[in-house]
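Visitor: Okay, sequence plus prediction incoming.
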Amino acid sequence: MAMAQDWWRKKLDEYLYELSESLYTSVDGILMQMRPNLATSEYLEIDIATNPMRKVEKLIRSVRSRDLTIFNKFCDILKKSGHESLAEKLRAPIQTSSLQSQDHVDRQQIRDQEKASTDKTEKFSLFISYTHNDNTNEFARRLQGDLEHQGWEVHIDTKFMGPGDELSGEIATAINDCNGMIVILTKNYKESKWCPKEVNLAVSKGKKLYPLFREKIADDAKPSSIDLHINTTHLLYGSFCEDDQYDESLKQLIKCLRKDAENLGYS
């Protein structure tokens, strides 16, 4: 049975170089999606790596040390991130008759999990918008992980964008496909050249906004689209200005999100 469990680890070893070459530009996003499946210390050890290819190697080693379920989750994330061919290569059976017969049960498990994933209804989806000019990266990632633990799909952009950049197709698609946008408001949010573009796109698509205050800010520092939405709905979704209020504010936010998800037909 040990050999049956080894086939997918052998695949990770076989394609380690190709994975490093292919994923180094998108490893941060893939790592964020894998975060719920990793221990906090394990995630932080991978995340602190400054070399992207080194970060990929650490992530692969972590996946390799886990079970088949985590391997399957990793392959699903690769497919969602535009690396479908790599995911197919990893899942392709090794062409060795003795190994094929021994790993039959494991490969059947993968097929069953894929079918279950296909049959499963879509998840309630959120997009987190925040400015990289503030020290909000850690907060945004923590929030993403906590909301994903609720079973929701949470998109976050970890790539810094310059003043002259336009929203990437990937970000625009995520906003277009999401059910709502969480906006982390800080003093510098309105000064961002691209965060208001995310808000305006969400508003134009009829997406519900969930403004969260990470800092106490004056009314004239709030983006106009958010002001309009708040004045129309008379809803605020909590203050996260103080770290010791995080848990209570998170409960309030989850309660609101769960109600909206249920109204939209998500379990």
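Guide: The structure has been received and is ready for your questions. A quick note: this is a predicted structure, and the numbers were derived from the prediction, not measured.

Visitor: Would you confirm that Ala261 contacts Asn179?
Guide: Yes - applying Cβ atoms under 8 Å as the test, Ala261 and Asn179 come out as touching, 7.4 Å apart. In short, each C-beta sits where N, CA and C put it, glycine included.

Visitor: Quickly list what's touching both of these two.
Guide: Phe124 (Cβ atoms under 8 Å, 6 or more residues apart in numbering).

Visitor: and Phe127, that one's in a strand?
Guide: Yes - assigned with DSSP: H, G, I helix; E, B strand; the rest coil, Phe127 falls within a strand.

Visitor: any idea of the pLDDT on Gln5?
Guide: The model reports Gln5 with a pLDDT of 51.

Visitor: those helices in the stretch 151-267 of the chain, which residues are they?
Guide: Counting by DSSP state H, counting those that start in this stretch, the segments of the stretch 151-267 of the chain that form helices are 169-177, 195-204, 224-233, 246-263.

Visitor: so of those helices, which one's packed in deepest?
Guide: Stretch with highest mean neighbour count among the helices of the stretch 151-267 of the chain: helix 195-204 (a mean of 19; mean count of other Cβ atoms under 10 Å).

Visitor: So which other helices or strands are in contact with that one?
Guide: In terms of contacts (3 or more Cβ pairs under 8 Å, 6 or more residues apart in numbering; DSSP states H and E), helix 195-204 is packed against strand 125-129, helix 169-177, strand 180-185, strand 208-213, helix 224-233.

Visitor: returning to what we had before: please identify which of the helices of the stretch 151-267 of the chain is closest to Glu122.
Guide: helix 169-177 (9.3 Å; Cβ to Cβ).

Visitor: and Asp13, what helix or strand is that in?
Guide: Assigned by DSSP states H and E, Asp13 falls within helix 2-14.

Visitor: So the residue positioned nearest the centre of the chain versus Cys75, what's the distance?
Guide: By Cα atoms, centre = their mean, the chain has its centre lying nearest to Gln33, at 4.1 Å. Using Cβ to Cβ, to the nearest Å, Gln33 is found at 12 Å from Cys75.

Visitor: So, low pLDDT: which residues of the chain?
Guide: For the chain, the stretches flagged by pLDDT under 70 are 1-5, 93-121, 133-134, 158-168, 219-238, 267.

Visitor: Show me how far stretch 186-201 is from its chain's centre.
Guide: Computed by Cα atoms, centre = their mean, to the nearest Å, the chain-centroid distance of stretch 186-201 equals 20 Å.

Visitor: Use 652 as the first number from now on
Guide: Yes, from this point I'll number from 652; that puts the last item at stretch 837-852.

Visitor: Extract the CA atoms of it and return them as PDB.
Guide: Provided in PDB are the C-alpha atoms of stretch 837-852 (Å, rounded to 0.1, in the frame of the first residue of the first chain):
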ATOM      1  CA  THR A 837      -8.100  53.000   5.300                       C
ATOM      2  CA  LYS A 838      -7.000  56.700   5.200                       C
ATOM      3  CA  ASN A 839      -5.200  56.100   1.900                       C
ATOM      4  CA  TYR A 840      -7.900  54.100   0.200                       C
ATOM      5  CA  LYS A 841      -9.300  57.000  -1.800                       C
ATOM      6  CA  GLU A 842      -5.900  58.100  -2.900                       C
ATOM      7  CA  SER A 843      -5.200  54.700  -4.500                       C
ATOM      8  CA  LYS A 844      -5.200  54.900  -8.300                       C
ATOM      9  CA  TRP A 845      -6.800  51.500  -8.800                       C
ATOM     10  CA  CYS A 846      -8.800  50.500  -5.700                       C
ATOM     11  CA  PRO A 847     -11.600  53.000  -6.600                       C
ATOM     12  CA  LYS A 848     -11.600  51.400 -10.100                       C
ATOM     13  CA  GLU A 849     -12.400  48.000  -8.400                       C
ATOM     14  CA  VAL A 850     -15.300  49.700  -6.500                       C
ATOM     15  CA  ASN A 851     -16.600  51.400  -9.500                       C
ATOM     16  CA  LEU A 852     -16.600  48.200 -11.500                       C
END
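
Visitor: just to revisit the earlier point, CSV for the helices of the stretch 802-918 of the chain, including distance to Ile779?
Guide: Below are the helices of the stretch 802-918 of the chain laid out as CSV (distance: least, Cβ to Cβ, whole Å):
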stretch, distance to Ile779
helix 820-828, 10
helix 846-855, 10
helix 875-884, 14
helix 897-914, 12
